[in-house]
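[1] Take this sequence and fold it.
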Amino acid sequence: MVIKGDILFTKNKDDFEIYENGFLIIEDGKVKAVQQEYLGTEKIIDRTGNLILPTFVDLHLHANQYANCGLGNDEELLTWLEKYTYPEEVKFKDLTYAEEIYKEVLTKLWEAGSLRSVIYASLYKEASDLMFKLTIDSGLSAYVGKVNMDRNTPDFYIESTEDSINFSEELIKKYKDNELVKPIITPRFVPHCTVESMKGQGKLAKEYDVPVQSHMNESLAENAWVTQLHPEYKTSTEVFEKYGLFGSSSKTIMAHCIHNTKEELDLMKKRNFYPVHCPESNANLTSGIMDVKGMLEAGIPVSIGSDISGGHHIFMPNQIVLAIQLSKMKARMEDDLSRVLTLSEVFYMATKSGGSFFGETGSFEEGYSADFLVIDTRSIMAPRENRTPVERLEKFLYLGSQNNIIEKFLQGKKIDRPFKD
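    Just a heads-up that it's a prediction; the model follows:
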């Protein structure tokens, strides 16, 4: 496959690679080359005038919270969980309801161009299994996690430690060899998992070489709760590290990572660790602002997530723009404008950095998975407006919508709307 258009991607956080009227050459589902000229004989798919971008990667969202998007944003995290989140998540005992919501979430990810994602499914094994099956049917790529919670939750929404570990292991065995949709161990966060549960989950991560996802340092109240429950440790990091859930035996995603100590940041650098910035969720729940610039400068592979339903937009450009805006507010309040995130940095977070969790994807470097979007920006341009490819990308991110994405490809194959019937 050879596709022609205005090709943009980021090899690193500081610079865009730009091929205006360039050629993306794909072989066996992988990028063979990006060239300014093409002298071969293969038929060219001509998308002249359109942007060709890597697909977005959403590294943190909760599928079973989708119906709550836009609700409860006068609350802070722990109250929000009690009043809104758990009463919604318990509905996923009903597999008919679960199927309706999960299909909607996967369709919205497709519409948004987030063809790879990392998803919290459900406390319930049956609903989590359904999420795996539907994600496979959708043609998208994801890590899917059965949520584990065996303490400090409402009586109507809790599981035994034994069920938590056994059900997680069943799903790991069932789906670990799938090419596009794989399991991920998912302790909700430290306050909701007993020591026995965390030990068991850490053992599974090591035994099956399965990654881990959780939440950490999202709010000050959460951190205080962790130290109350575990006075022998100073931070969530120490707890997760103790039980093999902090990137020591397998790669680990931690969402939020706002209120970090220097010791925690030092350990992040040493581990196979992926912090996820969730700007909209953190703003909605008054949680704080991650020091994204500091993590990027330290070489920590920070990425970005919609965090549905703490966040209320699944369309990744909304998160990209807000991440930049929040960094400006943080930099101004700290009187250091060198801390403002640039467009290339946050685009990198939403593509190559997040994609690195899946392997070589999120860029158009040789050997990377040919995951890309075709973007038509004409509807967001003024009459006679003539812009560079980077300027058109910026306008798409700030002014565009899902409707501007006219084609989507994963591993070089066009992905059509899932669940059309």
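
[2] Show me the shaky parts of the stretch 301-421 of the chain.
    421 (pLDDT under 70).

[3] Please enumerate the strands of it.
    Assigned by DSSP state E, counting those that start in this stretch, the strands in the stretch 301-421 of the chain fall at 303-304, 372-375, 405-410, 413-414.

[4] Show me what the first one packs onto, helices and strands only.
    Just to be clear, that refers to strand 303-304. Packing partners of strand 303-304 (3 or more Cβ pairs under 8 Å, 6 or more residues apart in numbering; DSSP states H and E): strand 56-62, strand 273-277, helix 316-333. In this view, the C-beta of every residue, glycine as well, is placed from N, C-alpha and C.

[5] can you pull the alpha-carbon coordinates of the first one into PDB?
    I take that to be strand 56-62. This file holds the C-alpha atoms of strand 56-62, laid out as PDB (Å, rounded to 0.1, in the frame of the first residue of the first chain):
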ATOM      1  CA  PHE A  56      -4.600   8.200  18.800                       C
ATOM      2  CA  VAL A  57      -3.900   6.000  21.700                       C
ATOM      3  CA  ASP A  58      -6.200   6.300  24.800                       C
ATOM      4  CA  LEU A  59      -4.300   4.800  27.600                       C
ATOM      5  CA  HIS A  60      -6.900   5.100  30.400                       C
ATOM      6  CA  LEU A  61     -10.700   4.900  30.300                       C
ATOM      7  CA  HIS A  62     -13.500   3.100  32.200                       C
END
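
[6] Highest mean neighbour count across the strands of the stretch 301-421 of the chain, which stretch is it?
    Comparing these on average neighbours per residue, with mean count of other Cβ atoms under 10 Å, the densest one is strand 303-304 at a mean of 28.

[7] Mind checking the helices and strands packed on strand 303-304 for the one nearest to residue 199?
    Nearest to residue 199 among these is strand 273-277; the distance by Cβ to Cβ comes to 20.0 Å.

[8] contact partners of the closest one?
    Applying Cβ atoms under 8 Å, 6 or more residues apart in numbering, the contact partners of strand 273-277 are 59-60, 246-247, 251-257, 267-268, 290, 292, 295, 300-305, 307, 323, 349, 354, 356-357.

[9] from the chain's centre, how far out does that strand sit?
    The chain centre lies 9 Å from the centre of strand 273-277; the measure is Cα atoms, centre = their mean, to the nearest Å.

[10] Okay, now the sheet partners of that strand, with direction.
    strand 252-256 (parallel), strand 303-304 (parallel) (DSSP bridges).

[11] Next SSE downstream of that strand?
    Sequence order places helix 279-284 as the next helix or strand after strand 273-277, per DSSP states H and E.

[12] picking that back up, any chance of the strands paired with strand 273-277 in CSV with distance to residue 369 as columns?
    Converted to CSV, those look like this (distance: least, Cβ to Cβ, whole Å):
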stretch, distance to residue 369
strand 252-256, 19
strand 303-304, 16
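
[13] Show me the domain layout of this structure.
    Here the domain parsing of the chain from automatic domain parsing is 2-54+363-414, 56-355.

[14] in the stretch 101-250 of the chain, which spans are strands?
    Assigned by DSSP E, counting those that start in this stretch, the strands in the stretch 101-250 of the chain fall at 114-120, 141-145, 147-148, 181-183, 186-187, 212-216.

[15] follow-up on the earlier one: can I get the strands of the stretch 301-421 of the chain in a markdown table including distance to residue 205?
    What follows is the strands of the stretch 301-421 of the chain, written out as a markdown table (distance: least, Cβ to Cβ, whole Å):
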| stretch | distance to residue 205 |
| --- | --- |
| strand 303-304 | 20 |
| strand 372-375 | 32 |
| strand 405-410 | 27 |
| strand 413-414 | 31 |
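
[16] Of all those strands, which one is nearest residue 44?
    Among those, the nearest to residue 44 by Cβ to Cβ is strand 372-375 (13.7 Å).

[17] partners of the closest one, with directions?
    strand 44-54 (antiparallel), strand 405-410 (antiparallel).

[18] Next, count neighbours for residue 196.
    Burial of residue 196 is recorded as 15 neighbouring residues (other Cβ atoms under 10 Å).

[19] From residue 400, how far out is it?
    Residue 196 is 48 Å from residue 400, where distance means Cβ to Cβ, to the nearest Å.

[20] Likewise for residue 155?
    Taking Cβ to Cβ as the measure, residue 155 falls 46 Å from residue 400.

[21] Specify which residue of the two has the higher count of neighbours.
    Per other Cβ under 10 Å, whichever of residue 155 and residue 400 has more neighbours is residue 400, with 21 against 5.

[22] can you tell me which residues contact the more buried one?
    Going by Cβ under 8 Å, 6+ apart, residue 400 touches 317, 375, 377, 380.

[23] can you pull the buried residues of stretch 212-221?
    The neighbour-count check on stretch 212-221 (16 or more other Cβ atoms under 10 Å) flags 212, 213, 214, 215, 216, 217, 218, 219 as buried.

[24] so can I have JSON lines of the residues you listed showing pLDDT and distance to residue 278?
    Shown next, in JSON lines, are the buried residues of stretch 212-221 (pLDDT from 0 to 100; distance: Cβ to Cβ, whole Å):
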{"residue": "212", "pLDDT": "98", "distance to residue 278": "17"}
{"residue": "213", "pLDDT": "98", "distance to residue 278": "13"}
{"residue": "214", "pLDDT": "98", "distance to residue 278": "13"}
{"residue": "215", "pLDDT": "98", "distance to residue 278": "9"}
{"residue": "216", "pLDDT": "98", "distance to residue 278": "12"}
{"residue": "217", "pLDDT": "98", "distance to residue 278": "12"}
{"residue": "218", "pLDDT": "98", "distance to residue 278": "8"}
{"residue": "219", "pLDDT": "97", "distance to residue 278": "12"}
